[in-house]
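J.: My questions are about this predicted structure, shown below with the sequence.
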Amino acid sequence: MKNLAHIEFYFPEKRGVKNKRELAGLILDMMRKSGSIAYAGHRDEKSLRENIMRHLGDADAARYKPLSESQKKKVLRQIEATIRKCSAILPIPTKNYVFVFPYLPTKKDAAFEGVMGVAPYSCVFHVFLSLNMGSLKALAKTVAHELNHTIFYYRHYDHLNNYTLLDEMIIEGLAENFREQVVGGTPAPWAVVLTRKGAFNALESLDKLLSSKNDTVHRNVLFGNKKYKRWTGYSIGYWIVKELIRKKPNLSWGDIMKLSSMEILRIAQK
């Protein structure tokens, strides 16, 4: 396991935290002391703080509780077991650094089942975990999804942080189809917010935007606005990759991850 992942937990011991800004500050204090900020996947402490603040959730910070040793052991075992399952299907090219943080979800975040993930770099992903809402099954889903992201970033490092809209959609489609194969379970809400037919119709309408590298365009299509339904881009990517797998059933995940987004789209549309 040491060659596959290094896992760290950042749940401050303080109770009665006033707000998430204070909680983020306590987390950064812990990371500063451990020296982990340097390999947390962000260019500097400021951007790391912004990322943590963005993903901590918006529920009352008074809900926060430190992680007990027994809880930590269960979470650690689940992360390790999931990474081993992933590696058996898709060899992990480099050690991943996994950071586990608190998560304060509200009712609007119910679709994430108490676990939020983000992969900021080619060998780093963060897991935000709610002890009130999070389940070990949801944790496994998130780990498989985010690990797939880091492998894509590693395989396509030349384009890291310079992705087109098509790239962003394919990245999400790869991660969710991979998650289904490794962990099982029903498709995620963001994957099937559109039907297969609806996804390909939406894809056709986006034809002139597929090469866009504009962050606002990406956010609008992925997360929704007045024009696009929430998670439109996630669903388009999911169905494109699903079609790729249907048409190329003998293609290994190792080979799939080497394909460019345009190659995946071309095969799916044949």
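T.: Sure, I can see it. Residues are numbered from 1 along each chain as shown.
J.: what about residue 159, neighbour count?
T.: 15 (other C-beta atoms under 10 Å). Any C-beta I mention is one placed from the backbone N, CA and C, and that applies to glycine too.
J.: Let me see the contact set for it.
T.: residue 167 (C-beta atoms under 8 Å, 6 or more residues apart in numbering).
J.: Let me know the distance separating it from residue 128.
T.: Distance of residue 159 to residue 128, given as C-beta to C-beta, to the nearest Å: 26 Å.
J.: how close does residue 185 get to residue 230?
T.: Counting by C-beta to C-beta - residue 185 and residue 230 are separated by 21 Å.
J.: who has more neighbours, those two?
T.: A count of neighbours by other C-beta under 10 Å puts residue 230 above the other of residue 185 and residue 230, at 15 against 11.
J.: On the three-state scheme, the more buried one is what?
T.: Residue 230 falls in the coil class when you classify it by DSSP: H, G, I helix; E, B strand; the rest coil.
J.: That one reaches residue 219, doesn't it?
T.: No: Residue 230 is beyond contact range of residue 219, at 11.3 Å (criterion: C-beta atoms under 8 Å).
J.: Identify the contacts common to those two.
T.: In contact with both residue 230 and residue 219: no residue, using C-beta under 8 Å, 6+ apart.
J.: who's in contact with residue 130?
T.: So residue 130 contacts 57, 102, 103, 104, 105, 114, 115 (C-beta under 8 Å, 6+ apart).
J.: can we see that at 6 Å?
T.: 103, 105, 114 (C-beta atoms under 6 Å, 6 or more residues apart in numbering).
J.: quick one, helices of this structure?
T.: With helices called from DSSP state H, the chain shows them at 20-34, 45-55, 69-89, 136-155, 165-183, 196-205, 215-223, 232-247, 253-256, 261-269.
J.: wait, which of those helices is closest to residue 120?
T.: Of all the helices of the chain, it is helix 45-55 that lies closest to residue 120, at 6.5 Å by C-beta to C-beta.
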